[in-house]
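Q: Sequence and predicted model, in that order:
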Amino acid sequence: MSDSNDQYRFGEDGELEEPDDDQDDEVQTNDFDEEMPWYETKGGYRRDVISSLFQKAVRRSDDEVAAFAAWELVRSGEGYETHYWNRVVLACIEDLVAGNEAIEHVLRYEELAKNRYEDNGWVRRLCAIAAAMVCARARSGREVTHANGYFSNTMVDRARAHQDDGHEPLYEPPVTNEELEADGKYGFVAKDKHTYPGSGMGRGWSHFRVHGARCSGETELGRRWWRRVLEYDNPDYAYREPEEAFSEAEIEHAVEPTSEDDPWRCEFGDEDTGLEEFEE
């Protein structure tokens with residue numbers, strides 16, 4: 001059996017798809033000079049198991065096992081190699097914490113293997129090993145996958161409760177309709193001039209600048225510039241558009257980083273800061 005990609009492949013769901021029996025190609029042999037079944041690697045391992053082993057090694061930060069699994073797949077044929085590169089990219093998304101830089105290295109190694117070294121088998125294997133080790137040495141975490149499962153189940157459960165009065169949902173969504181009301185935890189900020197409900201309530205740039213534009217980690221330089229932008233909104237200096245002057249308390253609130261324990265909390269000091277103008 002040849003190592004053509006048409007001979008054996010993994011389907012979109014990750015399951016092995018058996019090749020057509022009517023293919024009359026050159027027989028491919030394993031390390032023992034035996035005919036290589038379509039479901040095995042050169043070393044005689046089941047390739048679905050080796051593929052799974054690779055991903056589990058990434059999750060456990062075992063770079064040696066991850067490197068071996070990558071090498072075994074890539075050396076076993078073109079179809080295996082194609083599957084490996086698809087799998088390693090998926091591992092970057094599924095098994096590493098969001099924001100990791102591993103995927104940039106993986107994509108670069110893949111590009112080198114497929115374009116620069118397309119006719120050089122051993123360097124292509126080096127690229128695969130390097131990509132596997134990058135993933136295994138990155139911080140592992142399946143929070144993205146867990147989020148997808150949690151959100152999906154929660155919304156199905158919520159719909160079931162809506163249709164069946166006797167069903168008690170296990171969890172509520174992280175954001176409820178009540179919290180999205182105009183004076184709710186999220187709605188007070190989210191329903192600004194950029195949304196249809198917010199514009200209908202008359203919320204304008206003042207509401208956005210004092211509440212909607214706040215950040216959790218603005219730099220000191222950014223805060224200084226933002227303060228000066230707000231100070232320029234005074235009618236005496238409104239060069240961009242006419243605005244009402246912000247009070248010092250409103251400016252302090254606008255430039256202050258959001259709270260770590262409750263980033264949606266909206267509090268001013270004891271003084272009247274004109275908050276009522278933003279209420280519905």
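A: Received the coordinates, thanks. Just so it is clear, the structure is predicted and the values come from calculations on it, not from any experiment.
Q: From here on, just use CA atoms for contacts and neighbour counts.
A: Noted.
Q: can you pull out the strands in the stretch 1-150 of the chain?
A: Assigned by DSSP state E, counting those that start in this stretch, the strands in the stretch 1-150 of the chain fall at 9-10, 16-17.
Q: ranking these by mean pLDDT, which is last?
A: Mean pLDDT across those is lowest at strand 9-10; the value there is a mean of 52.
Q: Please enumerate residues in contact with the helix or strand where Gly198 lies?
A: According to DSSP states H and E, Gly198 maps onto helix 196-200. The contact list for helix 196-200 (C-alpha atoms under 8 Å, 6 or more residues apart in numbering) reads Ala182, Lys191, Asp192, Lys193.
Q: got a list of what Cys266 touches?
A: Contacts of Cys266 (C-alpha under 8 Å, 6+ apart): His211.
Q: Figure out the helix or strand that it lives in.
A: Cys266 belongs to no helix or strand, assigned by DSSP H and E.
Q: ok, it to Tyr239 distance?
A: Applying C-alpha to C-alpha, to the nearest Å, the value for Cys266 to Tyr239 is 29 Å.
Q: about what we covered before: quick one: which of the contacts of helix 196-200 is nearest Pro37?
A: When these are compared for distance to Pro37 (C-alpha to C-alpha), Lys191 wins out at 60.2 Å.
Q: domains of this structure?
A: 9-137, 178-278 (automatic domain parsing).
Q: quick one, which of those domains is packed in tightest?
A: Comparing these by mean neighbour count (mean count of other C-alpha atoms under 10 Å), domain 9-137 comes out on top with a mean of 18.
Q: tell me the mean pLDDT for the helix holding Gly198?
A: On average, the pLDDT along helix 196-200 is 94.
Q: Then stretch 256-271?
A: Stretch 256-271 comes out at a mean pLDDT of 79.
Q: just the CA coordinates of the top helix by length along the chain, formatted as PDB?
A: Longest helix in the chain, counting residues (DSSP state H): helix 143-163. Extracted in PDB, the C-alpha atoms of helix 143-163 (Å, rounded to 0.1, in the frame of the first residue of the first chain):
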ATOM      1  CA  GLU A 143     -10.600  26.000  29.700                       C
ATOM      2  CA  VAL A 144     -11.600  26.900  26.100                       C
ATOM      3  CA  THR A 145     -13.000  23.400  25.600                       C
ATOM      4  CA  HIS A 146     -14.700  23.400  29.000                       C
ATOM      5  CA  ALA A 147     -16.300  26.700  28.200                       C
ATOM      6  CA  ASN A 148     -17.800  25.400  25.000                       C
ATOM      7  CA  GLY A 149     -19.200  22.400  26.800                       C
ATOM      8  CA  TYR A 150     -20.500  24.400  29.800                       C
ATOM      9  CA  PHE A 151     -22.200  27.100  27.600                       C
ATOM     10  CA  SER A 152     -23.700  24.600  25.200                       C
ATOM     11  CA  ASN A 153     -25.200  22.400  28.000                       C
ATOM     12  CA  THR A 154     -26.400  25.400  29.900                       C
ATOM     13  CA  MET A 155     -28.400  26.900  27.000                       C
ATOM     14  CA  VAL A 156     -29.900  23.500  26.100                       C
ATOM     15  CA  ASP A 157     -30.900  23.100  29.800                       C
ATOM     16  CA  ARG A 158     -32.300  26.700  29.800                       C
ATOM     17  CA  ALA A 159     -34.400  26.000  26.700                       C
ATOM     18  CA  ARG A 160     -35.700  22.800  28.300                       C
ATOM     19  CA  ALA A 161     -36.700  24.600  31.400                       C
ATOM     20  CA  HIS A 162     -38.500  27.200  29.300                       C
ATOM     21  CA  GLN A 163     -40.600  24.400  27.700                       C
END
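Q: could you point out which element follows that helix?
A: Downstream of helix 143-163, the first helix or strand assigned by DSSP H and E is helix 187-190.
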